[in-house]
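S.K.: what's the 3D shape of this:
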Amino acid sequence: MRRLFAVLALVTGFLLTPARADAATANVAPSATASASYTSPWENVAAVNDGIDPDRSDDTRNRRWGTWPDAGEQWALLTWPSAQAVSSVQVYFFDDGGGVRLPASWKLQSWDGAAYVDIPASYPTAADTYNTVTFPAVTTTRLRVVLRSGRASVGLLEIKAFADATGLQSGWSPPAAMAAPLDEVWRHVESTNPGLYGFRDYAWDQIIANGGSVNYCVRWDSSAPVSVELRDKIHAALARSFKKWMDVMAGHNGWPYAEVPVKVVGWAVRDRATLQWSDDSVDVYVGDLREDAPQCAEPCGRLFNPSGTYPDCPGGASHHYDMSLWLTEGMTGGMGGAWGQRVGSEYLVDNLDSDDIHILLHEIGHGFGLDDFYDWTPSGQCCFLMKAGSATSITEFDAWMLRDVWRHLKSRYGY
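M.R.: Take a look at the predicted model:
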């Protein structure tokens, strides 16, 4: 799980000065800590702000928050380390048709420093959709969704809280207990990576150069066939994993994007017959080998075009790719960097429906400049995703390390 900086250091030297995106508000719920009045032992309150959009209220695929058999008044609470100016909230109710049903009523409450205060608004109650509430902005560190049960217990699948993305959360305000270990991490990165500030091809650079999105090309280094369904599920798993990192940045310290779409623009294979589709939704590259693996067209790759222009890319700049998802048959573990991520093809396929594909998540973290922790651990920290093998999902410490990289690099983008 290494970043391959020896290769990446070859690509340096241009300053991006993009126009700012319009990001007046952002969903800041993923950056909060979730808690609840009660959670059924088989459910998980972390579901309410994990960034996963449900398909329906009776969601059987993703984790949920439910209170069965408890009824009456129940609540889910979002707590932020710094105040947020929240002006709109969306909630998606959990309703399994049995022990957990839509609430009879619900409301929002904000913490004013001494007590929870009701937020006056109109509160719709509908299944299979987000229920949206808007109100004059309320500045608070805690937001509570209070549900009153009707025929059964209650639950939620997701909460989105939209706040001023350029307002009160513009500073650097990690939890006090994390300040010292975060400083240790940054000083370690600076001492071990002398090219840190000069290197201009992190995922940050890619996203901002694209105006808020990132393009991938898949290197399918396997003889296994790929159906349309498998192709689309790989795209969905990659997008879901990338989104988990972006959700912890939403609304934080001038980060300009509430959402960062992931586009898969191409596939590279040894044999075209491996791909069992004929549509032109993605570019297909056949028989071009690099590192003894199928390679997406170099004229379209950011790694090979540090100027950020793609004059020789077939189809033009819109067909360029910023990173590769390199899927290697028989591989264990992974590698990652600004060039992309490499994991085992079998590993990814076997985990396509997993909420946290932890090796892929870890390697995506390297694309943003996050370090490995093979031989040391920051003071007071135990288990976090970037310390391989100690966690399987993005922890609060991982989130604050990511925000710290942005804090040190954002000025070069004009933020």
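S.K.: In this structure, where's the longest strand?
M.R.: strand 73-93 (DSSP state E).
S.K.: Export that strand to CSV, keeping only CA atoms.
M.R.: The C-alpha trace of strand 73-93 is given here as CSV (Å, rounded to 0.1, in the frame of the first residue of the first chain):
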residue,chain,number,x,y,z
GLU,A,73,-40.6,9.9,21.3
GLN,A,74,-37.2,9.0,19.8
TRP,A,75,-34.4,11.1,18.3
ALA,A,76,-31.3,11.0,16.2
LEU,A,77,-28.6,13.7,16.9
LEU,A,78,-25.9,15.2,14.7
THR,A,79,-23.1,16.9,16.6
TRP,A,80,-20.4,19.0,14.9
PRO,A,81,-17.0,20.1,16.4
SER,A,82,-17.8,23.7,15.3
ALA,A,83,-21.0,25.6,14.7
GLN,A,84,-22.9,25.3,11.4
ALA,A,85,-25.4,27.7,9.9
VAL,A,86,-28.1,25.2,8.9
SER,A,87,-30.9,26.4,6.7
SER,A,88,-32.4,23.2,5.2
VAL,A,89,-32.7,19.5,6.2
GLN,A,90,-33.7,16.4,4.3
VAL,A,91,-34.7,13.2,6.1
TYR,A,92,-35.4,9.7,4.6
PHE,A,93,-37.6,7.6,6.8
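S.K.: just checking, what packs against that strand?
M.R.: If you count contacts as 3 or more C-beta pairs under 8 Å, 6 or more residues apart in numbering; DSSP states H and E, strand 73-93 packs onto strand 33-36, strand 105-111, strand 131-148, strand 155-164. Placement of C-beta: from N, CA and C, glycine included.
S.K.: Would you give the sheet partners of that strand, along with the direction of each?
M.R.: Strand 73-93 pairs in its sheet with strand 33-36 (antiparallel), strand 131-148 (antiparallel), strand 155-164 (antiparallel), by DSSP bridges.
S.K.: Pick the most buried one from the ones you listed.
M.R.: Among those, strand 155-164 has the highest mean neighbour count (mean count of other C-beta atoms under 10 Å), at a mean of 26.
S.K.: CA-only coordinates of that strand, as CSV, when you get a sec.
M.R.: C-alpha atoms of strand 155-164 as CSV (Å, rounded to 0.1, in the frame of the first residue of the first chain):
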residue,chain,number,x,y,z
GLY,A,155,-36.2,4.9,12.2
LEU,A,156,-34.2,6.8,9.6
LEU,A,157,-32.1,5.9,6.6
GLU,A,158,-30.4,9.2,6.0
ILE,A,159,-30.2,12.8,7.2
LYS,A,160,-28.8,15.7,5.0
ALA,A,161,-28.2,19.0,6.7
PHE,A,162,-27.4,22.0,4.4
ALA,A,163,-25.3,24.8,5.8
ASP,A,164,-23.4,27.8,4.6
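S.K.: Let me know which of the helices and strands packed on strand 73-93 is the nearest to residue 186.
M.R.: The stretch from the helices and strands packed on strand 73-93 with the least distance to residue 186 (C-beta to C-beta) is strand 33-36; that distance is 23.0 Å.
S.K.: for the record, mean pLDDT for that closest one?
M.R.: Averaged across strand 33-36, the pLDDT comes to 92.
S.K.: Give me the packing partners of the next helix-or-strand element following it, helices and strands only.
M.R.: Going down the chain from strand 33-36, the next helix or strand is strand 65-66, by DSSP states H and E. Counting by 3+ C-beta pairs under 8 Å, 6+ apart, the packing neighbours recorded for strand 65-66 are strand 155-164.
S.K.: now the angle from the strand it packs on to strand 105-111?
M.R.: 50 degrees (axes from the mean of the first three to the mean of the last three C-alpha atoms, to 10 degrees).
S.K.: In the lengthiest helix in the chain, which residues are buried?
M.R.: Assignment by DSSP state H gives helix 228-247 as the longest helix of the chain. Of the residues in helix 228-247, 230-231, 234-235, 237-247 count as buried by neighbour count, 16 or more other C-beta atoms under 10 Å.
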